[in-house]
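Participant: okay, here's the prediction I keep looking at, along with the sequence it came from:
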Amino acid sequence: MEKSVVTPLKIVRVSTILAILFLLVGGVSVLTGTAGISVSRVMRGILARWHEGYLALDPSEETILFSIRLPRVIFAGIVGAALSTAGVVFQGILRNPLADPYILGVSGGSAVGAIIGILIGAGAIPFGIPALAFLGAVMTVSLVFAIGHRDGGLDSNILLLAGVIVNAFFSALIMFFIATSSSADLHTITFWLMGDMGMADGGKIVIMGLLLAAGAGIVYCYARPLNLIVAGEETALHLGVDVKRTKVILFFAGSLITAAAVSFAGMIGFVGLVIPHMMRMVLGTDHRLLLPASFLFGASFMVIADTVARVVLAGMELPVGVITALCGAPYFVYLLRTRRM
Amino acid sequence: MAIVRVTGLDFRYRDMWALRDISFEAQRGEFLGVIGPNGSGKTTLMKVIDGILVPEKGGVIIKGHAISCMKRKDIARLVAVVPQDSAMVFSFKALEIVMMGRAPHLGMLRFEGKSDLRIAHSAMEMTDTASLAARNMETLSGGERQRVLIARALAQDPEVVLLDEPTAFLDIRHQADFFGLMKRLNRERDLTVLAVTHDINLAAAYCDRIVLLKEGRIHALGTPGEVITEANIRNVYETDVLVDANPLNGLPRITLLTANLSGQGSRSKADAAPQL
C-alpha cells in the first residue's frame, strides 16, 4: 500500500538517479564537439595539474573545455530545469495539459524587450539585452495579472484568455520589428527568438541560477497545495488550502522562473510542455516528486538537445529549439501511445 | 448538543437573493437532509456552511466556532465535503486521493507519516476501497470513485460531513449503497451528516430530519413524515405527487403524477389506497 504514495525516500532515490544522469550527460556533452578531445586526453590533462609526467592540456584545449563547453552545459542545464519547472507550475495552476511556460505571454513580452534591446544596440552593455527582456517579461506578467485577477484570486480561464491575447499582441509587435529591421539585426533577432545557448558565461550562470533557485524554492514549498489544486480548486478549499493566495504565489514564482529563462536563453519551445508530461506519465502527479524530477530531467534533456544542436551539422550551430522539438515530439508521441491508453 | 448552528442566514449573488433568513441546527450524530427544487439554494447553503461563500447576514457556528473567523485549514479539520464526482485533468491514484484528506492535519512541508497512512488505510477499509489503493482514479467506475471520495472525507477525521448531491451520477444500486454507507458511518462514528439530494425517497429513507427549501427560504423542517407531504411537495415543486407509506418501513414515499402518465398514476393510486 505504501508503494502507491510518494515518500521522502522515493524522492531522494529518484532525484539521485536523475542527478547522476545529469552528470553523465553533462560529462559527455563537455567531451563532445567539433574540436575532438578524448576522455583519456582530458583525464591525463587534469592529472597533470598534480602529478609530474602527464602531458598538460594546451591552453586552447583548456579554453574549449572549461571556458566554452562547461559553462554552456551548466547554462543549458539551468535553462532546461527552469522551463520544465515552470511548465509543471502552469499546467498545475491552470489545470490544463496544454499549458507551458509561455502560455501567459511572458515570452512575448520578453521577446519584445529583447528585440528593442537588439535594435538600440543594448548588446554592447553587459546584460543589456537580458535586462530589457526581463523588464518586458515583468511588465507582461503584471499586465496579465491585472487582467486575470478577480476578488484577490486568479480565474484560470480568464488568465488563459489574457495570455492568448497578450501573446497575439506581442507577436504582431515582433513581426513589425522583424519587417522593419536591417538584415544584420535580423539574424540576431531570429536566433534570439529560436533560443540561443551560445552566450553562456559565468555572470549569466550565477544570476540565472539565483533566480531559478529562488523561484523553484518557493514553488517547492507549495508542492502539496498544488496537488490539491490540481485535484480541483473546490476540493483544495475543502481540504484547507487558501487557493487564491496559493495560485497567486505560484503564478508569480512560475513567471519569475520563465522570465529568467527566456531573458537569458531566448524562446526555447517544447521543453516546458513535454518534460512535465513525461515525468507525470512515469512518476505520477504528486508534485513533491514531479517538481524535482522535472527539474533534473529537464536539465539533462536541454543539455542533450544543445549538444546535438552544436554538432549535428558540421561547421554550423542550430538553434537549440529546433532540436528540442525534433527529438522531443516523437518521444512524446511514443509515450502518449504506450503509457496512457 | 447542536454541532452545526445556522442563524439568520442571508446570501445573495450580486443582486439575486439565494438564501433568506435560514436558521436551523443539526445535532451531533444527526443525518440531516436538504431538499428543494433546482435553484432553491441547496448548494449555496452547503457552500455557506463550509465557509466558501460569505453570507450577507447571519452566520454559521460549527462546534462552537464561527466559520467566518476560521482559516480554511481549521475548517477542513471540522468539516469534510464529499463532492459530486468530476473529471480530473491529471490523474491521481486512489490512495493519493485519500491521503489528501490528511492535508489539513499536516504542516506545510511535513510528509504524511505512518499514522496518516494507517488512518487512510482504515478509511479505505471502511468504504471497501482498500483493494483499489494503487489504481488510477480514471480507471475506476463511478461508484468506486465516489467511495474513494468518501474515504478521503473520513481520512480528514471531521465532525461534520457535507454531501452535495453525491449520488447524481450513480445508478440506483450505488445510490442505495452510498446512502447506506453514509448512514452506517453516521451511526458508528457519530458523524453529523448534512446531505443535499434531489432524491426525495432516499432522503426520506435515510435522514433523521429534512430541510425543505423553497426560493431560498426554509419551507418546512422536521422528520421525513412531517416534511414530505403532498401539500408541501406540490407547494414547493409545483408538481402533483402521491405520498404514501413505504410498506417496508412506513416512511413517506412519493410517486410522481404527471399529465401524460396520469393513467398509470391513478392506477398506482388505486393500488396504494388499501395500504394507506
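Facilitator: Nice, thanks for sending it over.

Participant: and the helix or strand where residue B:33 lies, what's its mean pLDDT?
Facilitator: Take DSSP states H and E as the rule and residue B:33 turns out to sit in strand B:31-35. For strand B:31-35, the mean pLDDT works out to 95.

Participant: list the contacts of it.
Facilitator: B:26, B:42, B:45-46, B:182-183, B:186, B:192-198, B:200, B:203, B:206-213, B:224 (Cβ atoms under 8 Å, 6 or more residues apart in numbering or on different chains). Any C-beta I mention is one placed from the backbone N, CA and C, and that applies to glycine too.

Participant: please pick the buried ones from these.
Facilitator: By neighbour count, with 16 or more other Cβ atoms under 10 Å in any protein chain shown, the contacts of strand B:31-35 hold B:26, B:42, B:45-46, B:182-183, B:186, B:192-197, B:200, B:203, B:206-213, B:224 as buried.

Participant: tell me if I'm right that residue B:63 and residue B:78 touch.
Facilitator: Yes. Using Cβ atoms under 8 Å, residue B:63 is in contact with residue B:78, at 6.0 Å.

Participant: for these two, work out which one has more neighbours and name it.
Facilitator: residue B:78 (21 against 15; other Cβ atoms under 10 Å in any protein chain shown).

Participant: I'd say the more buried one and residue B:157 touch.
Facilitator: No. Under the criterion of Cβ under 8 Å, residue B:78 makes no contact with residue B:157, lying 9.7 Å away.

Participant: near chain A, which of the buried ones among the contacts of strand B:31-35 show up?
Facilitator: Counting by Cβ under 8 Å from any Cβ of the partner chain, nothing from those sits close to chain A.

Participant: among these, which are located in strands?
Facilitator: Cross-referencing the buried ones among the contacts of strand B:31-35 against strands under DSSP state E gives B:26, B:192, B:193, B:194, B:195, B:196, B:209, B:210, B:211, B:212, B:213.

Participant: mind listing what the closest residue to chain B within chain A touches?
Facilitator: Taking Cβ to the nearest Cβ as the measure, chain A has residue A:240 as its residue closest to chain B, at 3.2 Å. The neighbours of residue A:240, taking Cβ under 8 Å, 6+ apart as the test, are B:71, B:72, B:73, B:74, B:75, B:76, B:77, B:103, B:104.

Participant: rebuild those residues as TSV, extending it with distance to residue A:10, neighbour count and pLDDT.
Facilitator: TSV is the format used below for those (distance: Cβ to Cβ, whole Å; neighbours: other Cβ atoms under 10 Å in any protein chain shown; pLDDT from 0 to 100):
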residue	distance to residue A:10	neighbour count	pLDDT
B:71	30	12	92
B:72	28	20	93
B:73	26	15	93
B:74	30	15	94
B:75	31	24	95
B:76	26	25	95
B:77	27	16	94
B:103	19	24	94
B:104	23	24	94
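
Participant: give me the subset of those touching chain A.
Facilitator: Applying Cβ under 8 Å from any Cβ, the subset of the contacts of residue A:240 adjacent to chain A comprises B:71, B:72, B:73, B:74, B:75, B:76, B:77, B:103, B:104.

Participant: could I get those as a markdown table with secondary structure?
Facilitator: Formatted as a markdown table, the ones next to chain A among the contacts of residue A:240 follow (DSSP: H, G, I helix; E, B strand; the rest coil):
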| residue | secondary structure |
| --- | --- |
| B:71 | coil |
| B:72 | helix |
| B:73 | helix |
| B:74 | helix |
| B:75 | helix |
| B:76 | helix |
| B:77 | helix |
| B:103 | helix |
| B:104 | helix |
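
Participant: contact residues of the stretch 1-150 of chain A facing chain B?
Facilitator: So the stretch 1-150 of chain A meets chain B at A:1, A:2, A:3, A:4, A:5, A:6, A:7, A:8, A:91, A:95, A:96, A:97 (Cβ under 8 Å from any Cβ).

Participant: neighbour-wise, which one of the residues you listed leads?
Facilitator: residue A:91 (26 neighbours).

Participant: can you give me the neighbour number for residue B:23?
Facilitator: Neighbours around residue B:23, by other Cβ under 10 Å: 12.

Participant: do the same with the one 10 residues further on
Facilitator: Per other Cβ under 10 Å, the neighbour tally for residue B:33 reads 28.

Participant: same deal with the one 10 residues further on?
Facilitator: Look at residue B:43: counted by other Cβ under 10 Å, it has 17 neighbours.

Participant: give me the pLDDT value at the closest residue to it other than its chain neighbours.
Facilitator: Spatially, and ignoring its direct neighbours in sequence, residue B:43 is nearest to residue B:164 (5.8 Å; Cβ to Cβ, 6 or more residues apart in numbering or on different chains). Residue B:164 carries a pLDDT score of 88 in this model.

Participant: next: residue B:260.
Facilitator: Taking residue B:260 on its own, its pLDDT is 57.

Participant: please apply the same query to residue A:39.
Facilitator: Residue A:39 is assigned a pLDDT of 72 by the prediction.

Participant: what sits against the spatially closest residue to it that is not a sequence neighbour?
Facilitator: Leaving out its chain neighbours, the residue that sits closest to residue A:39 by Cβ to Cβ, 6+ apart is residue A:31, at 5.9 Å. Residue A:31 makes contacts with A:37, A:38, A:39, A:42, as judged by Cβ under 8 Å, 6+ apart.

Participant: in the chain, which spans are strands?
Facilitator: Assuming you mean chain A. A:149-150, A:153-154.

Participant: right idea, wrong chain: chain B
Facilitator: B:2-13, B:16-27, B:31-35, B:57-62, B:65-66, B:79-82, B:160-164, B:192-196, B:209-214, B:217-222, B:241-245, B:252-256.

Participant: I'm done for today, thanks for sticking with me.
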